[in-house]
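Novice: Just need the structure, nothing else, for what follows:
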Amino acid sequence: MHQPVKDNLEEYLRGVSGKYGRAIPDEMETHLSSCAECASELSELELQSAALQSLRAPSEAELPAGFYARVMQRIDDARATNSVWAAFLEPIFAKRLFYSCATLLLLLGSYLISSETADHGLYNQPATVVSTPPDVAANAAPDDVDTTPQERDAVLVSLASYEQ
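Specialist: Predicted coordinates:
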């Protein structure tokens, strides 16, 4: 009989009949008078209930005039500033963005300038056009020219290293 009584102690304290209907308060009265364990648990619950009642405010708290309007204004302001695009409108963020872009531009510019001063060999020399006169080119036949690959390479090297 302990378990049904323990399950309904809170309802008994509130004055509400338990899940068994109106018959349970009479049975609980008789059980609580005969069982010391359940009676001590009931007294502990009464002490806890009294302690919780003492924490309750004595009267309804009155709010100052315009309280709800100020709360709603703060909520609206918080919603308006939570936009992603609002961050770009902040002056501090705009300054930081400007300084970081300027720093990046300065670094990239210095890298490009330092890499342009490097010597790239043949790329820095002016181009020279070598051609044969039109009358020689018209009379020359490919079979008439006896050159070896080594001679071709020597001519290419001399043309590539030509300086004025």
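
Novice: Which residue ranges of the chain form helices?
Specialist: Ranges of helices in the chain, per DSSP state H, are 2-7, 9-14, 23-34, 36-54, 67-81, 86-89, 91-116, 134-139, 149-160.

Novice: Compare those helices and give me the one nearest residue 60.
Specialist: Of all those, helix 67-81 sits nearest to residue 60, with 14.0 Å by Cβ to Cβ. All C-beta spots, glycine's among them, are computed from the backbone N, C-alpha and C.

Novice: Only C-alpha atoms, please: export the closest one in CSV.
Specialist: Extracted in CSV, the C-alpha atoms of helix 67-81 (Å, rounded to 0.1, in the frame of the first residue of the first chain):
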residue,chain,number,x,y,z
PHE,A,67,8.1,49.1,-19.9
TYR,A,68,6.5,46.9,-22.6
ALA,A,69,7.1,49.6,-25.2
ARG,A,70,10.9,49.7,-24.3
VAL,A,71,11.1,45.9,-24.4
MET,A,72,9.5,45.8,-27.8
GLN,A,73,11.8,48.6,-29.1
ARG,A,74,14.9,46.7,-27.9
ILE,A,75,13.6,43.5,-29.6
ASP,A,76,13.0,45.4,-32.9
ASP,A,77,16.5,47.0,-32.7
ALA,A,78,18.1,43.7,-32.1
ARG,A,79,16.3,42.2,-35.2
ALA,A,80,17.3,45.1,-37.4
THR,A,81,21.0,44.9,-36.5
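
Novice: Model confidence for residue 137, exactly?
Specialist: Residue 137 carries a pLDDT value of 51.
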